[in-house]
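*Asks:* Any chance you can model this:
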Amino acid sequence: MIEVRDLNIRFAHDAPLVVAGLSFKVATGSTFGLVGESGCGKSTVLRALAGLNTTYDGEILLDGTPLPPHRPKTFFKRVQMVFQDPYGSLHPRQTIQAQLLEPLRNQGIHKPLSVVGEALESVGLPRAAAFRFPHQLSGGQRQRVAIARALMLEPEVLLLDEPTSALDVSVQAEILNLLMDLRDARNLTFVLVSHDLAVIAHMCHDIAVMQGGRIVDSFDAAQLRAGTLNHPYTRELLTASEAYGEGPAPQVELA
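*Replies:* You can find the predicted model right below:
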């Protein structure tokens, strides 16, 4: 579904590269994880995939078709993004209903208001939430709204930028399980960015490790859970995560 070829990103013409020579493929219906420490460039890659960062070299292909840096409007019917902070990504002065209808308005799609209630129920929220404002919802509920909004156009791909890192630990697993259920029910393709190896192990089929703007290691989820990792930086990342209680726990079940 997604192929990235020799992606290079810099923030100014004469600035150093922040992402250098990235190449990877994401199979249809699978979840691909990019993991690394803060500042390694993983969210920058996600923004380039989403068309939010247009200053890159290399190729990004969607379902075999090369994408221009400035995406056409139709692209956003196929690819949507869920951001890290659900409060920051929702308009504080608009009702949930207005925000769920906005993607449809942008694409000139007319549907009955009942689609809002259906979308909310699909992410485990009551229909009455449509008439609330973001500040009247919990962090987990706001992220469910953000997911519902991303699904309003029935996309094929969701780009997930640390979707649980701003949430309480108690609700993180609920959001991850919701995402996996939606992926399986709708045959969605995910690209997930995270610094948390437990999240990566829980969600992803294939994983790439970034360091200093480059992919330094890649492996599948079984190798991560087994701990059979070869690159020194990957082993260091795993050890650090386990020391802080973020490592892949034995009880975590992969999708």
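*Asks:* C-alpha only now, for contacts and for neighbours.
*Replies:* Noted.
*Asks:* next one: stretch 144-153 to chain centre, how far?
*Replies:* Offset of stretch 144-153 from its chain centre (CA atoms, centre = their mean, to the nearest Å): 12 Å.
*Asks:* right, I mislabeled it, should have said stretch 9-28
*Replies:* For stretch 9-28, the distance to the chain centre is 17 Å (CA atoms, centre = their mean).
*Asks:* Can I get it in PDB, CA atoms only?
*Replies:* Extracted in PDB, the C-alpha atoms of stretch 9-28 (Å, rounded to 0.1, in the frame of the first residue of the first chain):
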ATOM      1  CA  ILE A   9      14.100  15.800   4.300                       C
ATOM      2  CA  ARG A  10      15.600  19.100   5.300                       C
ATOM      3  CA  PHE A  11      13.800  22.200   6.700                       C
ATOM      4  CA  ALA A  12      15.700  24.700   4.600                       C
ATOM      5  CA  HIS A  13      17.600  24.700   1.300                       C
ATOM      6  CA  ASP A  14      21.100  24.800   2.900                       C
ATOM      7  CA  ALA A  15      20.200  23.000   6.200                       C
ATOM      8  CA  PRO A  16      21.500  19.600   7.100                       C
ATOM      9  CA  LEU A  17      19.300  16.600   6.400                       C
ATOM     10  CA  VAL A  18      17.000  15.600   9.200                       C
ATOM     11  CA  VAL A  19      15.900  12.400   7.400                       C
ATOM     12  CA  ALA A  20      18.400  10.700   5.100                       C
ATOM     13  CA  GLY A  21      17.900   7.900   2.600                       C
ATOM     14  CA  LEU A  22      14.800   6.300   4.100                       C
ATOM     15  CA  SER A  23      13.300   3.400   2.200                       C
ATOM     16  CA  PHE A  24      10.600   1.000   3.400                       C
ATOM     17  CA  LYS A  25       7.400  -0.700   2.300                       C
ATOM     18  CA  VAL A  26       4.100  -1.200   4.100                       C
ATOM     19  CA  ALA A  27       1.900  -4.100   3.100                       C
ATOM     20  CA  THR A  28      -1.900  -3.600   2.700                       C
END
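*Asks:* For that stretch, buried residues please.
*Replies:* 9, 10, 17, 18, 19, 20, 21, 22, 23, 24, 26 (16 or more other CA atoms under 10 Å).
*Asks:* residues making contact with it?
*Replies:* 1-8, 32, 40-41, 44-45, 55-57, 187-189, 191, 212-215 (CA atoms under 8 Å, 6 or more residues apart in numbering).
*Asks:* Give me the pLDDT for the residue most central in space within the chain.
*Replies:* Centroid-nearest residue in the chain, with CA atoms, centre = their mean: residue 160, separated by 0.9 Å. As predicted, residue 160 sits at a pLDDT of 96.
*Asks:* Equivalent analysis for residue 245, please.
*Replies:* pLDDT at residue 245 comes out at 52.
*Asks:* Would you confirm that residue 201 contacts residue 224?
*Replies:* Yes - Residue 201 is within contact range of residue 224, at 6.9 Å (criterion: CA atoms under 8 Å).
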